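Participant: using only what follows, build the 3D model:
(2 chains)
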Amino acid sequence: MTCQWHTGLLVVRECGLPASGGCGMCGRTLCLAHTIPGPNGMACPQCASTADGYPENEDTQAASDRNEYYQRYGEGAQFGEPGYFSPADSAALASQSPVLPFRQDGYDPMES
Amino acid sequence: MKSIEELTPAAREAVRTQRLDGHWEPKKLLRLLDELQRWDTVVEAQKTSAAKVQKYSAIGIFAGIFGGGILSAIAESFALFALFAGTPTAILLLTLWRKKRLRSVDIPDEVRVTIEPLLRKLRADIAEGQRVRLRLDLSGVTGAKAKGKQQMPPSGRAFKIEQTLYDDPICDLRLPLADGAEAALRIDNTYLKIERAQRGRSKTKHKTKWKKQSSVTASWSPAAPVVWKTSALEASAVRGVERVQVREKEGIQIASIQHIYKFKAADSAPDAAPPAKEVLGMFMRLRLLGM
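Facilitator: As a prediction, the model looks like this:
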């Protein structure tokens, strides 16, 4: 069994290291580096980024970035395409809060 | 961190030479950029405090001339006037000198706002063992970058407008990605300084405005030939500010999105920079539509 956590934002790929446990929320197998302990037990960075009480780290930040960008740009992606989410990804995303607005800072590039 | 001496030798060298050029290990580059962005935050804070001191010392000069004038007339002593008016004048001169010094060690906001956060988000995408190519020009707007000057109409005896154009190709970044593709980012800044002088009966009024145009080009060169979804890419472009281009190089189609950002400021060149979030969005679109 190998870790099913996907690393990367533009080039998404499986971690592939030997798994040592699993995510208590979505069930994907995880290596030690991608396991995050929290109030609901062990979680993958994706689930930890959306659930309360889990510490934030580089992986949870990457997970929420990927979530935000793929929801914004990855609409309609088919299986095998980079925008496609695996069933485990989708399960993790189902408990996700609404998509963040793309521009949060009121920045207007058209302003001259 | 308060002084330039507290920076690591590599960061100090970059600040002093106002330049960063080479092939970097991603981790080392991120550490260096992180240091530079922290240095920029320090300089920004010092600039803000210097601007405050400048404002209050200017008020102090007026108050000193009046107050010192009255007191020196009462006490019949010029020393009082010199003390009251001279102290804020000395502080103002010192602050102006400090501001000039700060300008020489300042880092463009592109490092803090665009490049460092972008690279941090993309670090997991960089191919193992590969180096990142980065060329950064940190010198900002300098006289050497002036490309042209012209007098603009309306011209007349009482009214004069002069425009100066500066070209500042600030950044060229090439990221070798884990799947063999290459992502490239170019930021080219153009500054327009508009100086207006209006001559009245007794004095001439001067007004300066700055406009900054940042051309951000994100390019994607896939490892193997792909068929770009050109129409979807074009549909995703923000009308009026983005342009999509697909060109062929050695049998591989390279797609790019160019986004034009516009900023303006009075008195000094605008500091604002393109947000990393939107630049990353450009790469994300290229990635998703290159299948």
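
Participant: in chain A, where is pLDDT below threshold?
Facilitator: Within chain A, the ranges that satisfy pLDDT under 70 run A:73-112.

Participant: and if we set it to 90?
Facilitator: Applying pLDDT under 90 to chain A flags the ranges A:1, A:4-16, A:25-28, A:39-40, A:46-47, A:49-52, A:57-59, A:61-112.

Participant: what is whichever strand or helix holds residue B:56 packed up against?
Facilitator: Residue B:56 is part of helix B:26-75, with elements assigned from DSSP states H and E. When contacts are defined as 3 or more C-beta pairs under 8 Å, 6 or more residues apart in numbering or on different chains; DSSP states H and E, helix B:26-75 packs onto helix B:9-17, helix B:78-104, helix B:116-122, strand B:132-137. Quick note: C-beta positions are derived from backbone N, CA and C, even for glycine.

Participant: chain A: helices as residue ranges?
Facilitator: Counting by DSSP state H, chain A has these helices, from start to end: A:45-50, A:58-73, A:87-94.

Participant: if you compare the ones you listed, which one is most tucked away?
Facilitator: Most buried of these by mean neighbour count (mean count of other C-beta atoms under 10 Å in any protein chain shown) is helix A:45-50; its value is a mean of 26.

Participant: low-confidence stretches in the stretch 101-250 of chain B?
Facilitator: In the prediction, the stretch 101-250 of chain B carries residues with pLDDT under 90 at positions B:101-109, B:124, B:139-163, B:179, B:194-207, B:223-242, B:246-250.

Participant: if you set the cut-off to 50 instead, what comes out?
Facilitator: Scanning the stretch 101-250 of chain B for pLDDT under 50 picks out no residues.

Participant: in it, which spans are helices?
Facilitator: With DSSP state H, counting those that start in this stretch, the ranges of helices along the stretch 101-250 of chain B come out as B:109-110, B:116-122, B:230-236.

Participant: any chance of those helices in JSON lines, plus mean neighbour count and distance to residue B:215?
Facilitator: Conversion of those to JSON lines gives the following (neighbours: other C-beta atoms under 10 Å in any protein chain shown; distance: least, C-beta to C-beta, whole Å):
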{"stretch": "helix B:109-110", "mean neighbour count": "22", "distance to residue B:215": "12"}
{"stretch": "helix B:116-122", "mean neighbour count": "21", "distance to residue B:215": "16"}
{"stretch": "helix B:230-236", "mean neighbour count": "15", "distance to residue B:215": "18"}
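
Participant: hmm, back to that, out of the helices and strands packed on helix B:26-75, which gets nearest to residue B:193?
Facilitator: With C-beta to C-beta as the measure, helix B:78-104 is the member of the helices and strands packed on helix B:26-75 nearest residue B:193 (15.2 Å).

Participant: nearest residue to residue B:130 in space, please, no chain neighbours.
Facilitator: For residue B:130, the nearest residue in space outside its immediate sequence neighbours is residue B:176; the separation is 4.0 Å by C-beta to C-beta, 6 or more residues apart in numbering or on different chains.

Participant: next, the contact list for that neighbour, please.
Facilitator: Contact criterion C-beta atoms under 8 Å, 6 or more residues apart in numbering or on different chains gives B:126, B:127, B:130, B:131, B:132, B:182 as the residues in contact with residue B:176.

Participant: number of nearby residues for residue 4?
Facilitator: Since no chain was named, I'll use chain A. 22 (other C-beta atoms under 10 Å in any protein chain shown).

Participant: wrong one, I was asking about chain B
Facilitator: The local packing count at residue B:4 equals 14, with neighbours defined by other C-beta under 10 Å.

Participant: quick one, which of the helices of chain A gets closest to residue B:42.
Facilitator: Nearest to residue B:42 among these is helix A:58-73 (24.5 Å), distances taken as C-beta to C-beta.
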